[in-house]
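>>> build me a model from this:
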Amino acid sequence: MIPSVAKQRMDWFEARLEAAYLVSLALEGAREAMIEEEVARQLFSTANILGVTVNRNNMRMLILAPEIDPHGPPRMHRVSLDDRMPPTLIANAWGTVFSTGDDLIQVTGAPRFAADHKVDIIVSQGALRRDLMIYARNILALSLVISSLTAALVYWALNRIIVRPVKRLTTDMAAFEADPDREELIHTPSDRKDEIGAAERSLAAMQRGIHDLLSERRRLAALGAGISKISHDLRNILASAQLMSDRLAKSEDPRVRKLSPRLISALDRAIALSRDTLAFGGMESRKLNKSPVDLHALAEEVFDDTAAMGIESKNLITEGFLVWADRTQFYRSLFNLVRNAVDAMVPPDGIDGEDAARMLGAVSVNAIANNGDVIITIADTGPGIPDHALDVLFEPFKGSQKPGGSGLGVAISAEIVRAHGGEIILARSDASGAEFMITLPGAALG
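Now for the predicted structure:
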């Protein structure tokens, strides 16, 4: 609107300059073609032209003299159509719009088809102001109409492209939050390739993951409830079986004495499976009771509790090596790893006379301090871990490779290490044995 008013002012001047030049030519034509002076004055009046002077061939001709009050001639403003600097044109145009009174404006310029001629016209500032006000009002109205239509189109486009999909996302999120068990409430993403499409696909994937996780947790909860209900009866049955096995072991019948170790081994595996399952199901996130722990002494206790015939225990940790940890929980972690290593080297049917005469393998535990961190290694000389078990090694109920095993030992150890802010990895697994490495950040003392 601002520059268009300036252009309208110039067009207004140019139109009257052309009209004045044409009327001046008609007045100077042949007698039979010349118009009457009264008609010329009416034409000038219609065009709001108060005075006209034509400069042709260095001759200045007065065509129409302005009627000026001799007692109080109005102020005269001069405008040259050759001055077309945009800032000047805009400033003068809006100065005219906001002006008061009825001053005179002298406009000088060359007609379009007579560039060698100069025409001076005198017009009324009031007439120019009225025309500019009408033009500005029309432009403003047109601008408002265009702006309204544009705003409506933008609103429609934004509502269709952004607002509606976002509302749909919000509605689906709220519905899924209220009932995440219903699979039909999972958001169905569109084929959009923009950010909203990416958000829809991410939401659908997240909702699918949450739904599957909740389904798995329900199954695990049902399993845990079932285990808790049968645990008492299972323990009574196993206790009775152990008493019977002890009596069978004292039997004088050589065949019974030969079979009793296998029966005892099977019962021990059943008891271990029950104990590990219940222990893992009862694990809860709680605040660790950390204190300085003598890691060498802790490893000695673990070796004493996991001692097996034919398995050599090597405690390579320096005496008095202190770490900052929860002693009870960290004992469980080391115990599970060492016991798994021992079980990997002991035959499934136990130790017979031939195995007892030789060493079956060794388990070693070592620890070093590295820039305030503690790195603990548990290595064995067993057969290693099969390749197909590596991907599920730290997953509960999946990592066991020994018949009757629960697959919970390494999973429990990993949970305890992570609770300490550490990390456990399988550093080595080949025909010479397996090695686990535990890293405890900032746990070294002294």
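>>> who's in contact with Ala91?
Residues near Ala91 by CB atoms under 8 Å, 6 or more residues apart in numbering: none. All C-beta spots, glycine's among them, are computed from the backbone N, C-alpha and C.
>>> distance from the chain centre to the host helix or strand of it, please.
Using DSSP states H and E, the element containing Ala91 is helix 86-97. Helix 86-97 sits 51 Å away from the centroid of its parent chain (CA atoms, centre = their mean, to the nearest Å).
>>> pull out the buried positions in it.
The neighbour-count check on helix 86-97 (16 or more other CB atoms under 10 Å) flags Leu89, Ile90, Asn92, Ala93, Trp94, Thr96 as buried.
>>> any chance of the residues you listed in CSV, with distance to Gly51 and pLDDT too?
Listed next are the buried residues of helix 86-97 as CSV, based on distance: CB to CB, whole Å; pLDDT from 0 to 100:
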residue, distance to Gly51, pLDDT
Leu89, 23, 90
Ile90, 27, 90
Asn92, 20, 89
Ala93, 22, 89
Trp94, 26, 89
Thr96, 19, 88
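>>> now the most centrally placed residue in the chain: how far from Asn57?
Nearest to the geometric centre of the chain sits Ala199, at 8.7 Å (CA atoms, centre = their mean). From Ala199 across to Asn57, the span is 78 Å (CB to CB, to the nearest Å).
>>> try Ala341
For Ala341 relative to Asn57 (CB to CB), the value is 119 Å.
>>> which one of those two has more residues nearby?
Neighbour count, other CB atoms under 10 Å: between Ala341 and Asn57, Ala341 has more, with 26 against 7.
>>> just say helix, strand or coil for the more buried one.
helix (DSSP: H, G, I helix; E, B strand; the rest coil).
>>> contacts only, for it.
Ala341 neighbours (CB under 8 Å, 6+ apart): Val363, Ile378, Ala379, Asp380, Gly382, Ala434.
>>> can you tell me, leaving aside adjacent residues, what's nearest to the third one?
Nearest non-adjacent residue to Ala379, counting by CB to CB, 6 or more residues apart in numbering: Glu435, 4.0 Å away.
>>> check which residues of stretch 194-211 are buried.
Ile196, Ala199, Glu200, Leu203, Gln207, His211.
>>> which helix or strand contains Pro180?
Per DSSP H and E, there is no helix or strand for Pro180.
>>> what's the answer for Arg130, then?
Short version: Arg130 belongs to helix 125-158, going by DSSP H and E.
>>> mind listing what's buried in that helix?
Gln125, Gly126, Ala127, Leu128, Arg129, Leu132, Tyr135, Ala136.
>>> need the phi and psi values for the residue lying closest to the last one once chain neighbours are set aside.
So that's Ala136. Spatial nearest neighbour of Ala136, chain neighbours left out: Val5 (5.3 Å); criterion: CB to CB, 6+ apart. Phi and psi for Val5, reported as degrees, to the nearest 10, are phi -70, psi -40.
>>> just checking, Val5 touches Ile134?
No - under the criterion of CB atoms under 8 Å, Val5 is not in contact with Ile134, lying 11.0 Å apart.
>>> for stretch 121-139, what is the average pLDDT?
On average, the pLDDT along stretch 121-139 is 91.
>>> pLDDT weak spots in this structure?
Where the chain drops to pLDDT under 70, the residues are 29-35, 68-73, 224-236, 238-240, 242, 244-251, 256-287, 348-358, 396-407, 446.
>>> what comes up buried for the top strand by length along the chain?
With secondary structure taken from DSSP state E, the chain has its longest strand at strand 361-370. The neighbour-count check on strand 361-370 (16+ other CB under 10 Å) flags Gly361, Ala362, Val363, Ser364, Val365, Asn366, Ala367, Ala369 as buried.
>>> and if you look at stretch 156-176?
Pro165, Leu169, Asp172, Phe176.
>>> just the residues contacting stretch 170-184, thanks.
Residues contacting stretch 170-184 (CB under 8 Å, 6+ apart): Leu185, Ile186, His187, Leu203, Gln207, Ile210, His211, Leu214, Ser215.
>>> also stretch 36-53?
15-16, 19-20, 23-24, 26-27, 60-67, 104, 119-124, 127-128.
>>> which stretches in this protein count as helices?
2-27, 37-46, 86-97, 125-158, 164-178, 195-249, 254-281, 295-305, 327-345, 353-356, 409-419 (DSSP state H).
>>> could you dump the ones you listed to a markdown table with distance to Leu390?
Formatted as a markdown table, those follow (distance: least, CB to CB, whole Å):
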| stretch | distance to Leu390 |
| --- | --- |
| helix 2-27 | 74 |
| helix 37-46 | 100 |
| helix 86-97 | 76 |
| helix 125-158 | 52 |
| helix 164-178 | 35 |
| helix 195-249 | 22 |
| helix 254-281 | 21 |
| helix 295-305 | 25 |
| helix 327-345 | 14 |
| helix 353-356 | 28 |
| helix 409-419 | 11 |
